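# quick one: sequence plus predicted model below, questions after.
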Amino acid sequence: MLGQIRVRSLAGERSRGWLTAGPFRIACALGPSGVVRIKREGDRGTPAGRFALLWAYFRPDRPRPRVGGIPLVPMRPDQGWCEDPASPRYNRPVRLPAADCTDRMWRKDHLYDLTFVLDQNFSSRAKGRGSAIFFHLARPDLAPTAGCVAISASDMRRLAPRLARNCVMIIG
């Protein structure tokens, strides 16, 4: 089982990077601002740091993914995530409709079919320091994310079953 994932941005193309974990070296998408040292809400950057993979959401209406030791939680059609720093529910899962929610988790584009929640500003929250930072599926062209780390569905199918329960992602 793999206990560590490392993500580094590409020189000259900050919204792309390499994800390495054990024998895997996988192209990944990052936020358009690239890896940022000081994360701020809305900066479209991927935060640098060491983050535990807390749990993974999956769409129960699609084929069930295989994951290693990371807890797997079924997503609800009314699943959202609060990205409003003024809300007491900031950087938390919420049920929709919610006035303080700006990220709908149940998507038609498959990007969140398997979504790992990173412990970036989650266990110890600071208002405005970034929310909804996930490890999820990428668009086919590896287009930039809103600040998350994303890989292809085929790469995720190969990697996810090998992730250990206490796996961490090191970005930067």
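It's in. Numbers count the residues shown, from 1 in each chain.

# what is the helix or strand bottoming out on mean pLDDT in the chain packed up against?
None of the helices or strands of the chain scores lower by mean pLDDT, DSSP states H and E than strand 101-104, at a mean of 85. Counting contacts by 3 or more Cβ pairs under 8 Å, 6 or more residues apart in numbering; DSSP states H and E, strand 101-104 packs against strand 79-82. For every residue, glycine as well, the C-beta is placed using N, CA and C.

# sheet partners, orientation included, of the strand it packs on?
Partner strands for strand 79-82, per DSSP bridges, with pairing direction: strand 93-95 (antiparallel), strand 101-104 (antiparallel).

# make CSV out of those and add mean neighbour count.
As requested, the strands paired with strand 79-82 are exported to CSV (neighbours: other Cβ atoms under 10 Å):
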stretch, mean neighbour count
strand 93-95, 16
strand 101-104, 17
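
# with distance to Gln4 added, can I get those in JSON lines?
Output for those, formatted as JSON lines (distance: least, Cβ to Cβ, whole Å):
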{"stretch": "strand 93-95", "distance to Gln4": "26"}
{"stretch": "strand 101-104", "distance to Gln4": "27"}
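
# of these, which is nearest Leu72?
Distance to Leu72, taken as Cβ to Cβ, is lowest for strand 93-95 among the strands paired with strand 79-82, at 14.6 Å.

# and the closest one, how far out from the chain's middle?
How far strand 93-95 lies from its chain's middle: 16 Å, per Cα atoms, centre = their mean, to the nearest Å.

# list of residues touching the least confident helix or strand of the chain?
Contact with strand 101-104 is made by Gln79, Gly80, Trp81, Cys82, Glu83, Asp84, Val94, Leu96, Ser131, Ala132, as judged by Cβ atoms under 8 Å, 6 or more residues apart in numbering.

# about what we covered before: between the strands paired with strand 79-82, which gets nearest to Ser123?
Minimum separation from Ser123 across the strands paired with strand 79-82 (Cβ to Cβ) falls at strand 93-95, 14.1 Å.
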